[in-house]
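> sequence and predicted structure are below.
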Amino acid sequence: MSASVIALVKQAETLSAAETLELIMALLQRTRNVVEAVDTPKQQLDWSDLRGIYQSPMLGEDAQLAVNRLREEWDDR
């Protein structure tokens, strides 16, 4: 156990039973949140992640040609 954890345990020993239970519940919730944040894959697409991955037709590519090319790329997969 690290020195900081030992110090926290000593502090927890001064708590009442109700306060100890409250502390345990808070630590469990914090742990649950951390685990969910790390282990849970992103469920929804964040459209801002797509910014800049497609060349705009304003930059020289005809819109219909761009759509046709993209469809062909997806068909090739």
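The structure has been received and is ready for your questions.

> burial of the nearest residue to residue 9 once chain neighbours are set aside, as a residue count?
Leaving aside its chain neighbours, residue 9 sits nearest to residue 1 (7.6 Å; criterion: C-beta to C-beta, 6 or more residues apart in numbering). Every residue, glycine included, has its C-beta placed from N, CA and C. By other C-beta atoms under 10 Å, the residues close to residue 1 number 8.

> distance of residue 1 relative to residue 21?
The gap separating residue 1 from residue 21 is 21 Å, by C-beta to C-beta, to the nearest Å.

> CA atoms of the helix or strand hosting residue 74 as CSV?
Using DSSP states H and E, residue 74 sits within helix 63-76. What follows is helix 63-76, C-alpha atoms only, in CSV (Å, rounded to 0.1, in the frame of the first residue of the first chain):
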residue,chain,number,x,y,z
ALA,A,63,-19.8,16.8,-57.0
GLN,A,64,-21.2,14.0,-59.0
LEU,A,65,-17.8,12.6,-59.9
ALA,A,66,-16.9,12.7,-56.2
VAL,A,67,-20.1,10.8,-55.3
ASN,A,68,-19.4,8.2,-58.0
ARG,A,69,-15.8,7.8,-56.9
LEU,A,70,-16.8,7.3,-53.3
ARG,A,71,-19.5,4.7,-54.3
GLU,A,72,-16.9,2.8,-56.2
GLU,A,73,-14.5,2.9,-53.3
TRP,A,74,-17.1,1.5,-51.0
ASP,A,75,-18.0,-1.2,-53.5
ASP,A,76,-14.4,-2.3,-53.7
